[in-house]
Every structure is written in C-alpha cells, then in structure tokens.
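> Here is a sequence with its predicted model. Questions after.
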Amino acid sequence: MTTPETPANKGGLPLLALAVGAFGIGVTEFSPMGLLPVIAEGVNVSIPSAGMLVSAYAIGVMLGAPLMTLALSRWSRRKALIALMAIFTLGNLLSAMAPNYTTLLLARLVTSLNHGAFFGLGSLVAASVVPRHKQASAVATMFLGLTIANVGGVPAATWLGQVIGWRMSFAATAVLGLVAMLALWTALPAGEAGRRPDLRRELAVLKSPVVLVALLTTVLGAGAMFTLYTYVAPTLAELTGASPGFVTAMLVLIGIGFTIGNTAGGRYADRSLDGSLIAFLGLVIVDMLAFPWLASTQVGAAVGLLIFGFGTFAVVPPLQMRVMRAATEAPGLASSVNVGAFNLGNALGAAAGGAVISAGMGYAAVPVAGALIAVAGLALVLLQRASNQRRKLAAQAC
C-alpha cells in the first residue's frame, strides 16, 4: 500500500519543483563563462580578472555547502530550500545592480552559498518521495534541471547578455529564482522542523574512510570531466579546425549528452551503484583516450563529445547516492559536501588541462589527461568494491 508521500500520487510535483530550482542554479553557474568579455568590459577589468567570478563561485559553493546545511538544519526542508532559493534570487539581483567589479565578485559569492546545500537537501527530498529502489532515478530527475540548463538556459542567458546587456541576464536569472520559490512552496509538504545538529557527530561522519573515498571519487569524476570541458573550445579549434559556430553547436551537443546521461545514470544506479560507476567511468576513459583521433573530423568530434557528455554526467546520480548511503548518520551534510567536492573537481580538471597545455604537450594531450584522472576514480571504485566484498565474506564466515 502506498502513502501520500510515494510517487504513485505526489512524487512527481516535488521532483519537478526541485528540477526548476536546479535549472536556475545551472543557468547562474555556467552563463557567466560565455559572458566574460562583456562583463569584463562592463566593470572595466581584464578577462582573466573577470574569470575570477567563476572561481569565486566555485569557492563559495565549497564553503557554503556545509555551513548552510548546518545553519538550516533545524528548519523544515521546504522552508530551508525556499530560503536557499531566496539567497539565489538576492545574489542575482545584487549582481545585476553591482556598480563595480568588487561588488559583483561579492554578489557572486552570495549567490553561490545556496548551491551545495540546495542540491544536498534536494537530494534527500527527492529520495524521500520514492521507494528505495528508485532513489537514484529521483535524484537524477532533480539534476535533470541542471543538465537542461546547459542545453537551453545557458545559451539563452548568454544571448540575452550579449544583446541587451549582462545585467539583464542576471536579472532574468533572478526571476527564475522567484519561480523556483513558488514551485517549492506549492509542491513540497510543509514538513516538520529539524533537530538541533550534533556538530561533532555529523562532522565525525565525514571523517569515515568510506565517506572520504566516496567524496574523493566525486572529485576525480568531476576532474576528468572538466579537464576537457574547460578547454573544449581551443581543443576543437586546434584538432578539428572548428569555427565558432561549430564550437557553439558542440556545446549544445554536450548539454544533450549531459541530459541523456543523467537519466541513464539514475536508472542504472537504481540497479547497482558500483556497477554503474564502473561502466560509465570505463566509457569516459575509452572516449577521452580516443578523442584526439575522433576530433580529426567534425563528425568524429561530434560523436566523441556526445559520448563525453553522456558518460561524464551518467556518473553524477550514482556518485551522489553513494555518498548519501555511505553517510547514513549525516546524509544531508554529506550530500551537500559532495556537491562541494564536485566543484573541487572542476578546479582540479581546469588546473590539469592548463598544466598540460602550459607544458607544451598540445591540446591532444588534454583529453588524455582527463582519461588518466578517470582511471584514478575507477581504481577507487574497484578497490572500495573489493573491500566491501571482503567484509561481506568475513561477516558470513562468522
């Protein structure tokens, strides 16, 4: 018999509301990358200085994830999620009105504070409205908003910023925050207030070797993705001789791969978390190793990048569920920290790709470097799986 909380009746609307919030967050995270020249001119700084807006956001996500999760832990999840989207809305409004670079940088930090906690708490809500065997798919449904943002929302915000002005792009993104707040208020049950967190116990959970390995796997999975994703435009220009129009088309294709992969990752993770990670990380490794050869033609580059988008986002739902299940005593905090770990992986991948280029190895070595990082992630999964099997055998023997 199902209850009012199951997907048989009320699960769809909460997941849709969470996806709307994820869509807005995806737009605000990635659209400034395409607007850096316009923003740099608008606040009278260099493009590299404007690039610090992206770095500041990533730092804010890593710091804000545990802090905001703990700060809002006594609130009901609906109230906490709405508050996080209010921070999102405020941050984007402040960005739209920022008179100079310093205030814009601070506004981006404010905006980023909601990111990790929203996805962390949102993952718990998504998992709570479906049976256990569908939890990974539910988490994937929420993240679907993030992937769709890369297909349509980010290009639209970039176009708006280039045609009307970057301030209007931030203002329009703030409107998405208001829509998400309304959706969350309407779709989520009021819920009960949370309990005062035991900080020592919850932080101790994060020190568990199993949780640390799961978090490190997330860092490596994201690192593999962003090694190539950060430098995909110059890599295509160098290896494929791509025009700006072709690069734009490939970015949309990667976004489509993200969306398909996210859905597939959730479905297969419902069957086996480790099995899905092994399969998808293996696919990423093979694809990235083959990419220098595939990118010699436009058709090959398109195939390679579609597979790249599919594989790199197919690992996201199982990685998120893996951390939540490893940290059963503090799933909300661990889930939020895992989103911060994903952003740490972003920085790792960007640094790895930049180091390869700076060392004079050429752009063909960039995807190879990403593949090596994915190999390290796959090795962690295999080692952890073998360790779990040994513990099960030992328990059976007793």
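Great, that's in hand.

> Moving C-terminal from the lowest-mean-pLDDT helix or strand in the chain, which element do we reach first?
Within the chain, confidence by mean pLDDT, DSSP states H and E is lowest for helix 199-206 among all helices and strands, at a mean of 66. As assigned by DSSP states H and E, the chain's next helix or strand after helix 199-206 is helix 209-229.

> Buried residues, the helix or strand following that following helix. List them.
Using DSSP H and E, the helix or strand that directly follows helix 209-229 along the chain is helix 232-239. Buried residues in helix 232-239, counted by 16 or more other C-beta atoms under 10 Å: 232, 235-236, 238-239. For glycine as for every other residue, the C-beta is placed from the backbone atoms N, C-alpha and C.

> With stretch 75-92 instead?
Buried-residue list, stretch 75-92, by 16+ other C-beta under 10 Å: 75-85, 87-92.

> chain center to it: distance?
The chain centroid and the centroid of stretch 75-92 are separated by 18 Å under C-alpha atoms, centre = their mean, to the nearest Å.

> contact partners of it?
18, 21, 24-25, 28, 68, 72-73, 107-108, 110-114, 117-118, 121-122, 124-125, 170-171, 173-174, 177-178, 180-181, 184-185, 188-194 (C-beta atoms under 8 Å, 6 or more residues apart in numbering).

> pLDDT on that stretch, on average?
When pLDDT is averaged over stretch 75-92, the result is 94.

> could we number from 140 for the rest of this?
Sounds good: first residue 140 from here, last item stretch 214-231.

> could you dump it to CSV, C-alpha only?
In CSV, the C-alpha atoms belonging to stretch 214-231 read as follows (Å, rounded to 0.1, in the frame of the first residue of the first chain):
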residue,chain,number,x,y,z
TRP,A,214,14.2,24.2,9.6
SER,A,215,11.8,22.1,7.7
ARG,A,216,13.2,21.0,4.3
ARG,A,217,10.7,23.0,2.4
LYS,A,218,11.4,26.1,4.4
ALA,A,219,15.2,25.6,4.0
LEU,A,220,15.0,25.0,0.3
ILE,A,221,12.9,28.1,-0.2
ALA,A,222,15.3,30.1,1.9
LEU,A,223,18.2,28.9,-0.3
MET,A,224,16.4,30.0,-3.4
ALA,A,225,15.8,33.4,-1.8
ILE,A,226,19.6,33.7,-1.4
PHE,A,227,20.0,32.7,-5.0
THR,A,228,17.5,35.4,-6.1
LEU,A,229,19.1,38.1,-3.9
GLY,A,230,22.6,37.2,-5.2
ASN,A,231,21.5,37.5,-8.8
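
> Which strands and helices lie in contact with the top helix by length along the chain?
Scanning the chain for the helix with the most residues, using DSSP state H, yields helix 504-536. Helices and strands touching helix 504-536, by 3 or more C-beta pairs under 8 Å, 6 or more residues apart in numbering; DSSP states H and E, are helix 348-368, helix 412-433, helix 470-497.

> Now do it and helix 348-368, the angle between them.
Helix 504-536 runs at 160 degrees relative to helix 348-368, counting by axes from the mean of the first three to the mean of the last three C-alpha atoms, to 10 degrees.

> Could you tell me the angle between helix 504-536 and helix 470-497?
Using the same axes, to 10 degrees: helix 504-536 against helix 470-497 is 140 degrees.

> Could you report the neighbour count for residue 351?
12 (other C-beta atoms under 10 Å).

> Hmm, I typed the wrong one, I wanted residue 499.
7.

> Surely residue 389 and residue 441 touch.
Yes. Counting by C-beta atoms under 8 Å, residue 389 touches residue 441, with 6.7 Å between them.

> which one of those two has more residues nearby?
More crowded of residue 389 and residue 441, by other C-beta under 10 Å: residue 389, with 23 against 18.

> Next, work out how far apart the more buried one and residue 495 are.
Distance of residue 389 to residue 495, computed by C-beta to C-beta, to the nearest Å: 20 Å.

> now swap in residue 245 and tell me
33 Å.

> Which of the two has more residues huddled nearby?
Counted by other C-beta under 10 Å, residue 245 and residue 495 do not tie: residue 495 has more neighbours, with 21 against 15.

> one step back: ok, which of the helices and strands packed on helix 504-536 comes nearest residue 460?
helix 412-433 (5.9 Å; C-beta to C-beta).
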